[in-house]
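**Student:** The following comprises the amino acid sequence and a computationally predicted model.
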Amino acid sequence: MDPSDRATLERLEQQIRELAYLLWEAGGRQHGRSLEHWLDAERRILDANAAARHTAAIVEVVTATHASRSARATSW
């Protein structure tokens with residue numbers, strides 16, 4: 001595995017761990033629900049990352065479209 005991939009996975013795992021802990025605290029620190037908290041945290045983090053990638057892709061398309069229109073407008 002590439003070192004940068006390993007670092008990315010480690011950051012992702014740390015984010016999930018921290019959110020799972022916060023969810024455990026918010027849920028009254030009930031024991032026996034660690035898997036539930038982990039999976040909930042994992043889903044939330046992955047969903048947030050997917051939404052961020054989606055937003056970045058939209059911004060890229062809008063920026064490229066704007067640049068293309070600007071180039072055409074100045075070529076007249």
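**Tutor:** Perfect, I can see it now.
**Student:** Pull the contacting residues for the spatially most central residue of the chain.
**Tutor:** Central residue of the chain (C-alpha atoms, centre = their mean): N49, 1.5 Å from the mean position. Contacts for N49 (C-beta atoms under 8 Å, 6 or more residues apart in numbering) come out as none. For the C-beta atoms, the positions are set from N, CA and C on the backbone; glycine is no exception.
**Student:** What separation do you get for it and R29?
**Tutor:** 27 Å (C-beta to C-beta, to the nearest Å).
**Student:** likewise R43?
**Tutor:** R43 is 21 Å from R29, by C-beta to C-beta.
**Student:** more crowded one of those two?
**Tutor:** R43 (12 against 9; other C-beta atoms under 10 Å).
**Student:** what about the more buried one, which helix or strand?
**Tutor:** Using DSSP states H and E, R43 sits in helix 34-74.
**Student:** So, low pLDDT: which residues of the chain?
**Tutor:** 71-76 (pLDDT under 70).
**Student:** Let me know the secondary structure of G28.
**Tutor:** Going by DSSP: H, G, I helix; E, B strand; the rest coil, the secondary structure assigned to G28 is coil.
**Student:** tally of neighbours for it?
**Tutor:** 7.
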